[in-house]
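A.B. asks: Have a look at this prediction, sequence included:
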Amino acid sequence: MDREDLILEHERLDDLQNGYMLIQNPKQFCFGLDAVLLSWFANVKPEEKVLDMGTGTGIVPILLKARYPQGKYTGLEIQEESADVARRSVAYNHLEQDIVITTGDIKEAAAIYGGSFFDVVTTNPPYMVGSHGLTGNNQAKIIARHETLCTLEDVVSQAAKVLKPRGRFYMVHRPFRLAEILSVMVQHKIEPKRMQLVHPYVDKEPNMVLIEGLRGGNSRMTVEKPLIVYEKPGVYTKEVLDIYGQETKK
């Protein structure tokens with residue numbers, strides 16, 4: 001099959017600026033800065049097995065593959081339409097030997113893969129509880145943003161089951177749920193080890209939090225310096241440009 005045949009009429013091809021491309025449907029949920037930051041915050045060692053829970057169109061495994069080419073990646077996605085797009089992006093980039101996309105429910109991750117199977121779990125889960133901020137009728141966007149199909153507890157508890165002892169958990173979420181996040185992680189014996197708050201501007205409160213946990217780790221957490229996204233509207237800071245792999249213009 002010609003690579004161009006993998007892209008449907010209503011879809012677009014985005015250049016990830018790392019040698020890989022991503023197929024996206026503009027009418028469905030498209031990846032944002034949170035996925036980019038999650039893949040930058042995570043660390044993957046050679047030959048480690050990585051599961052991205054709720055992978056959507058496969059953006060995080062593809063970004064991680066570019067940064068850590070020796071890792072072995074799996075994406076788990078409940079929506080078949082999104083999983084299909086992810087598989088076609090994997091095929092477009094000739095990564096079928098490195099990234100596997102599974103259609104399945106996060107709540108059944110341990111049943112699908114077995115216990116203590118992965119070295120690393122990454123996740124960019126739905127942020128909103130119930131109907132908080134619920135608007136529109138786009139089912140893909142609602143599922144991606146709201147805990148309609150899985151809760152924070154589901155995500156963390158299943159991660160704890162599929163992670164090997166001393167396995168690492170990486171998540172991007174919203175700071176307003178930070179107390180709950182830390183509590184649920186500790187409850188399921190994923191010890192918070194590293195945290196970074198992300199602020200849209202230097203004088204604004206954070207709107208994202210990046211967290212690393214260690215399954216069975218000791219109680220000690222490092223809080224890294226805040227990451228500021230914008231210098232001014234439409235202008236990324238040097239830190240964010242570096243994350244995107246670009247150089248600031250002289």
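C.D. replies: Happy to help now that I have it.
A.B. asks: so where do the helices sit in this structure?
C.D. replies: Remark: helices assigned in the chain by DSSP state H are 33-41, 59-67, 80-92, 109-113, 139-145, 152-162, 178-187, 238-243.
A.B. asks: Turn these into a markdown table, columns for distance to Ile23, mean pLDDT and mean neighbour count.
C.D. replies: (Each C-beta comes from the backbone N, C-alpha and C, glycine too.) Below are these laid out as a markdown table (distance: least, CB to CB, whole Å; pLDDT from 0 to 100; neighbours: other CB atoms under 10 Å):
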| stretch | distance to Ile23 | mean pLDDT | mean neighbour count |
| --- | --- | --- | --- |
| helix 33-41 | 15 | 96 | 20 |
| helix 59-67 | 10 | 97 | 24 |
| helix 80-92 | 5 | 96 | 21 |
| helix 109-113 | 24 | 97 | 18 |
| helix 139-145 | 14 | 49 | 17 |
| helix 152-162 | 25 | 97 | 22 |
| helix 178-187 | 31 | 98 | 16 |
| helix 238-243 | 22 | 95 | 15 |
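A.B. asks: mind putting those in CSV, distance to Asn25 included?
C.D. replies: Formatted as CSV, these follow (distance: least, CB to CB, whole Å):
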stretch, distance to Asn25
helix 33-41, 16
helix 59-67, 13
helix 80-92, 6
helix 109-113, 25
helix 139-145, 8
helix 152-162, 24
helix 178-187, 30
helix 238-243, 25
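A.B. asks: Val121 is nearest to which of those?
C.D. replies: Proximity to Val121 (CB to CB) singles out helix 152-162 among the helices of the chain, at 4.4 Å.
A.B. asks: Tell me which other helices or strands that closest one touches.
C.D. replies: strand 49-53, helix 109-113, strand 118-123, strand 163-173, helix 178-187, strand 190-199 (3 or more CB pairs under 8 Å, 6 or more residues apart in numbering; DSSP states H and E).
A.B. asks: now these in JSON lines, with distance to Ile243?
C.D. replies: Shown next, in JSON lines, are the helices and strands packed on helix 152-162 (distance: least, CB to CB, whole Å):
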{"stretch": "strand 49-53", "distance to Ile243": "18"}
{"stretch": "helix 109-113", "distance to Ile243": "28"}
{"stretch": "strand 118-123", "distance to Ile243": "16"}
{"stretch": "strand 163-173", "distance to Ile243": "13"}
{"stretch": "helix 178-187", "distance to Ile243": "22"}
{"stretch": "strand 190-199", "distance to Ile243": "11"}
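A.B. asks: so which of those comes closest to Asp34?
C.D. replies: strand 163-173 (4.7 Å).
A.B. asks: list the contacts for Leu22?
C.D. replies: 13-14, 16, 31, 57-59, 62, 89 (CB atoms under 8 Å, 6 or more residues apart in numbering).
A.B. asks: State the distance from it to Leu8.
C.D. replies: Note on Leu22: its distance to Leu8, by CB to CB, to the nearest Å, is 14 Å.
A.B. asks: can you check Val162 too?
C.D. replies: Val162 is 32 Å from Leu8, by CB to CB.
A.B. asks: Any idea which of the helices and strands packed on helix 152-162 gets closest to Val129?
C.D. replies: Of all the helices and strands packed on helix 152-162, helix 178-187 comes closest under CB to CB, at 9.1 Å.
A.B. asks: Report the contact partners of the residue lying closest to Leu95 once chain neighbours are set aside.
C.D. replies: Closest residue to Leu95 apart from its sequence neighbours, by CB to CB, 6 or more residues apart in numbering: Lys65 at 6.2 Å. By CB under 8 Å, 6+ apart, the contact list for Lys65 reads 20, 71, 73, 95, 98-99.
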